[in-house]
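>>> Turn this into a model:
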Amino acid sequence: MFRRTFWFTAGAAAGVWATTKVNRKLRQLTPESLAAQAANKAIDAGHKLKDFALDVRAGMVQRETELGEALGLETPPGGPELPAQRRLAAVEPPRRPFDKHDQHDKRSYTSHNRNEDH
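Numbering: from 1, shown residues only. So this is what the prediction gives:
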């Protein structure tokens, strides 16, 4: 009689444990739960990426300082100043305004496109 009671209790406990485990897993697989997990992982990845970028930036500043000292360059405390932005000069001279009496522009046009029909 005692053995039957033991196995009945053991079976009931295993059933309760398995049911609890399955229900917990089913709650984790609901769309809302999956969306929350994905959002949490995305936030964690963003924090890790930000930390990595800050570490890289700190390493760059340290290395620039080391190179500046090794080369004997002195930089102002505000950091190096960037050169002024330059515009490229046009390859062709500017075109003259279209004259009514001209039927077409008299300058020749040479194409360097090899795919063009000849």
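>>> where does this protein have low pLDDT?
75-118 (pLDDT under 70).
>>> what about 90?
1-2, 28-29, 68-118 (pLDDT under 90).
>>> Helices of that one, start to end?
Assignment of helices within the chain using DSSP state H yields the ranges 2-28, 31-71.
>>> need the ones you listed in TSV with mean neighbour count, can you?
Bear in mind the C-beta positions are built from the backbone N, C-alpha and C, glycine included. Putting those into TSV (neighbours: other CB atoms under 10 Å) gives the following:
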stretch	mean neighbour count
helix 2-28	10
helix 31-71	10
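>>> Relative to T20, how far out is D55?
Using CB to CB, to the nearest Å, D55 is found at 43 Å from T20.
>>> Over to K50?
Taking CB to CB, one finds K50 at 39 Å from T20.
>>> One more: L73?
Where T20 is concerned, L73 sits at a distance of 68 Å (CB to CB).
>>> Then L29?
The spacing between L29 and T20, counted by CB to CB, is 15 Å.
>>> same deal with S33?
Between S33 and T20 the distance, using CB to CB, works out to 17 Å.
>>> do the same with P31
22 Å.
>>> Next: L34.
Separation of L34 from T20 (CB to CB): 20 Å.
>>> same check, this time on D44
Using CB to CB, D44 is found at 28 Å from T20.
>>> Kindly report the same for A70.
65 Å.
>>> Kindly report the same for M1.
As defined by CB to CB, M1 lies at a distance of 29 Å from T20.
>>> What of L54?
As defined by CB to CB, L54 lies at a distance of 43 Å from T20.
>>> residues in contact with G59?
The contact partners of G59, by CB atoms under 8 Å, 6 or more residues apart in numbering, come to none.
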